[in-house]
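**Q** Build me a structure from this.
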Amino acid sequence: MIKLTLPDGSIREYESGIKALDVAKSISEGLGRIVVGASFNGTTIGLLNEINEDGNIRFLKFEDKEGKSVFWHTSSHIMAHAIKKIWPEAKLAIGPAIENGFYYDIDMEHRLVEEDFEKIEAEMKKIVKEGLQLERFELPREEAIKLMEEKNESYKVELIQDLPEDSIISFYKQGDFVDLCAGPHLDTTKKPKAIKLLSIAGAYWRGNENNKMLQRIYGITFPKAKELEEYINLLEEAKKRDHRKLGKELELFFMSEEGPGFPFFLPKGVEVKNELMKYWREIHKKAGYVEIESPIILNRHLWETSGHWYNYKENMYTVLIDEEDYAIKPMNCPGGILVYKNKMHSYKDFPLRLAEVGRVHRHELSGALHGLMRVRAFTQDDSHIFMLPEQIKDEIKGVAKLIDEMYSTFGFNYHVELSTRPEKFMGEIKDWDMAEASLKAALEEINVDFVINEGDGAFYGPKIDFHLTDCIGRTWQCGTIQLDYQEPQRFELEYIGADGQKHQPIMIHRVAFGSIERFFGILIEQYAGAFPTWLAPVQVKVLPISDKFNDYAEKVKSELEAMNIRVEIDDRAEKIGYKIREAQMEKIPYMFIVGEKEADNNTVSVRERQKGDIGTMGIKEISDVIINKVKIRENDSPQLI
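**A** Numbering: from 1, shown residues only. Down below sits the predicted model:
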């Protein structure tokens, strides 16, 4: 007999070898119908997995993150099965679950187009209707290779050949379809009832540009049609908010073939970036940070010392200077460390909070580039905090409070993840354990809810990640706090302690915006281009009703500029209705319409972006309203639905 502990603490006994699904059914038939997987001792397992030892079990529903992963992983197999039925010559590469759905990389002669989606979806629905059971089986490495060779699956053969010779290889079978896979999966194909294929893209085999380009088909599934309908509506809303489209329409930024992944910011985009940085500097100065600046290019020795040359080189741009290797910095931390080392510090200097708005460059594959969200050159709002061991908790709490204040200003909610030691790491495990414990204790002390993200820490230390939720429910990873015991050791950082002896400081790496470019892109989509008044590149558009009032419009403009209000005039020879519609399309917060009455009385007729016409007002009166909104950074975007 084995003992299984349920989430409520109750313990049940079962025969060894019982399947997870049967445990769920023993609790209730209703649970057995809706469950999609299980977590056993912290590991996600399939419903048909046998349990042979004591442990903690938690059942997963589609609403759970791990549940979605199981659900969508099985859906990728259903899609591959359907494609093989239609095009038997197709060769399968990989087909994982992703954050929103799944994809499968396929090598086939037929060039897939969106018109093929309906045919594939119809075949997928047949497989779902059949309710095929997913059966797991294992083979020794050589037998596994032989099986995949018989099925002409050369990509699967290559994957198996990369495994050790004594490996036991797992497969999943549904009907006549067999796929190499570690799992876990649903128990049956009947659960993904609502199906939608989304897009096609090119993808190099194993992400290597020297390999063959495969066809990547993206899709998503849900247990119910209503959930799919809601998701499609969300996609339509996201499409309207696409920062690439709005960035062009609102003249904020553009991308050029002469620099793929290197964005160009236009005057209005720079206005928004400048306001973001003005806010960033204010809040950091208030929190006790001092700003520094380090070079963009530094020599190989520095990057070897930091560990980047050995752990991150494939993402770095390098250059030869005076017959010596240099690298364009992918991160700001080594520069911040050199600033620290510029002089000897005392324990009385701590905590020392060095902030840097630094330009970094990272090589991203061309297929991964996406507007401002994934670029090759961006600006990080880095800060590096040097402290005593006893200051760790207070500093982490201080950073968490600062990030909370910043995100609240923009109307974001967020959740927190604590990422632990990755497979590839530097340093001693005892230091990692200490660092992870410190981060966990700090979060618990300030009552922040968080989840553990096993194995996703940076190579030099564990981290706390802040995942924003925007107004249409999407999540974005931006802020991070990384506790680092490794870099201070590698760079031999020191300070003079109260005992007059030299000691090693503790170091925190942290960002709030993360990439300023990416945060800008997120804001464009959060506000659908209708920035709050304080952030809007143009806060007021003055609209004379005819040419003879252009001089008065210029006078109004001058008065507003004297009060640091960002203003433009639309003095084109167009009808006033057309000018208003144009200003609305440009998402201008305020329109001042001026004609004879306004010129005679030194007033303006005010239209507010959300409310429409709000009446005739004195210039000083309405300017005070705008100035106060800017001062308190009021979040008055009409797009926060």
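
**Q** C-alpha only now, for contacts and for neighbours.
**A** OK.

**Q** Report how many residues lie close to L197.
**A** Other residues near L197 number 20, with proximity taken as other C-alpha atoms under 10 Å.

**Q** Now for the closest residue to it other than its chain neighbours, how many residues are close by?
**A** With C-alpha to C-alpha, 6 or more residues apart in numbering as the measure, G219 is the residue that lies nearest to L197, at 4.0 Å, once sequence neighbours are left out. Residue crowding around G219 was assessed by other C-alpha under 10 Å; the count is 24.

**Q** is G219 in a bridge, and if so with what?
**A** According to DSSP bridges, the residues that bridge with G219 are F102, L197.

**Q** Got the confidence number for it?
**A** At G219 the predicted local distance difference test score is 97.

**Q** right, and it touches A194 too?
**A** No. The pair G219 and A194 does not pass the contact test of C-alpha atoms under 8 Å, sitting 10.9 Å apart.

**Q** Quick check: L443 vs K575, distance?
**A** Noted for L443: a distance of 58 Å to K575, by C-alpha to C-alpha, to the nearest Å.

**Q** ok, the two, which is more surrounded?
**A** A count of neighbours by other C-alpha under 10 Å puts L443 above the other of L443 and K575, at 19 against 12.

**Q** Would you mind giving the secondary structure of that one?
**A** helix (DSSP: H, G, I helix; E, B strand; the rest coil).

**Q** wait, what's in contact with it?
**A** L443 makes contacts with K397, D449, F450, as judged by C-alpha atoms under 8 Å, 6 or more residues apart in numbering.

**Q** Give the buried subset of the residues you listed as a PyMOL selection command.
**A** Below is the selection syntax for PyMOL that covers the buried ones among the contacts of L443, with 16 or more other C-alpha atoms under 10 Å defining burial:
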select buried, resi 397+450
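
**Q** and the contacts of L443, which of them are in helices?
**A** Among the contacts of L443, the members found in helices (DSSP state H) are K397.

**Q** tell me which of the contacts of L443 is nearest to F59?
**A** Taking C-alpha to C-alpha as the measure, F450 is the one of those closest to F59, at 19.8 Å.

**Q** Relative to V157, how far out is the closest one?
**A** 40 Å.

**Q** follow-up on the earlier one: what would the contacts of L443 look like in CSV with pLDDT and distance to H345?
**A** Listed next are those as CSV, based on pLDDT from 0 to 100; distance: C-alpha to C-alpha, whole Å:
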residue, pLDDT, distance to H345
K397, 91, 24
D449, 88, 36
F450, 90, 35
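
**Q** Among the contacts of L443, which one sits closest to R244?
**A** Nearest to R244 among those is F450, at 32.3 Å by C-alpha to C-alpha.

**Q** Look up how far L250 lies from the closest one.
**A** Taking C-alpha to C-alpha as the criterion, F450 is separated from L250 by 38 Å.

**Q** before we move on, what about V35?
**A** Counting by C-alpha to C-alpha, the gap from V35 to L250 is 47 Å.

**Q** Now stretch 501-521: buried residues?
**A** The neighbour-count criterion (16+ other C-alpha under 10 Å) identifies 502-521 as the buried residues of stretch 501-521.

**Q** Check stretch 454-467 too.
**A** Within stretch 454-467, the residues scored as buried using 16+ other C-alpha under 10 Å are 455-467.

**Q** So which residues lie in contact with stretch 337-354, not counting its own?
**A** Contacts with stretch 337-354, where a contact means C-alpha under 8 Å, 6+ apart, come from 288-292, 294, 336, 383-388, 391, 395, 491, 493-498.

**Q** hang on, I meant stretch 411-427
**A** Contacts of stretch 411-427 with the rest of the structure, by C-alpha under 8 Å, 6+ apart, involve 407, 432, 436, 439-440, 448-471, 486, 635, 640.

**Q** Just the ones of those residues in strands?
**A** F450, V451, I452, N453, K463, I464, D465, F466, H467, L468, T469 (DSSP state E).

**Q** pLDDT below threshold where in the stretch 201-350 of the chain?
**A** In the predicted model, the stretch 201-350 of the chain carries no residue with pLDDT under 70.

**Q** For it, which segments count as strands?
**A** For the stretch 201-350 of the chain, the strands defined by DSSP state E, counting those that start in this stretch cover 213-222, 253-254, 264-265, 290-291, 297-299, 317-321, 324-328, 345-346.

**Q** Pick the most buried one from those strands.
**A** Of all the strands of the stretch 201-350 of the chain, strand 213-222 carries the top mean neighbour count, a mean of 22, counting by mean count of other C-alpha atoms under 10 Å.

**Q** And the contacts of it?
**A** Contacts with strand 213-222, where a contact means C-alpha under 8 Å, 6+ apart, come from 72, 75-76, 100-108, 112, 192-205, 228.

**Q** cool, stretch 490-499 as well?
**A** Contacts to stretch 490-499, defined as C-alpha under 8 Å, 6+ apart, come from residues T305, S306, I337, K341, M344, H345, S346, Y347, K502, H503, Q504, P505.

**Q** repeat that with 6 Å
**A** When contacts are defined by C-alpha atoms under 6 Å, 6 or more residues apart in numbering, stretch 490-499 is touched by residues H345, S346, Y347, K502, H503, Q504.

**Q** Just put those residues in JSON lines and tack on distance to D162.
**A** Conversion of the contacts of stretch 490-499 to JSON lines gives the following (distance: C-alpha to C-alpha, whole Å):
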{"residue": "H345", "distance to D162": "50"}
{"residue": "S346", "distance to D162": "52"}
{"residue": "Y347", "distance to D162": "51"}
{"residue": "K502", "distance to D162": "49"}
{"residue": "H503", "distance to D162": "46"}
{"residue": "Q504", "distance to D162": "42"}
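
**Q** So what's the residue count around D551?
**A** For D551, the number of neighbouring residues by other C-alpha under 10 Å comes to 13.

**Q** what about it, which SS state?
**A** Under the three-state scheme (three-state DSSP), D551 adopts helix.

**Q** R518 too?
**A** Secondary structure of R518, reduced to three states by three-state DSSP: helix.

**Q** Quick check: the gap between it and V157.
**A** As judged by C-alpha to C-alpha, R518 and V157 stand 39 Å apart.

**Q** Tell me where the model's unsure across the stretch 501-641 of the chain.
**A** For the stretch 501-641 of the chain, the stretches with pLDDT under 70 are 640-641.

**Q** In helices, which of the contacts of stretch 337-354 fall?
**A** Within the contacts of stretch 337-354, residues falling in helices by DSSP H are G336, E395.

**Q** just the buried members of the contacts of stretch 337-354?
**A** With neighbours counted using 16+ other C-alpha under 10 Å, the contacts of stretch 337-354 contain these buried positions: 289, 294, 336, 383-388, 395, 493-497.

**Q** number of nearby residues for the closest residue in space to F177 that isn't next to it in sequence?
**A** Sequence neighbours aside, H81 is the residue nearest to F177 in space, at 6.1 Å (criterion: C-alpha to C-alpha, 6+ apart). If you count neighbours by other C-alpha under 10 Å, H81 ends up with 24.

**Q** In three-state terms, label H81 for me.
**A** Recorded secondary structure, H81: helix (three-state DSSP).

**Q** Helices of the stretch 201-350 of the chain, residue ranges please.
**A** With DSSP state H, counting those that start in this stretch as the definition, the stretch 201-350 of the chain shows helices at residue ranges 225-240, 243-249, 267-286, 300-306, 308-311, 333-341.

**Q** Right, I'll call it a day here.
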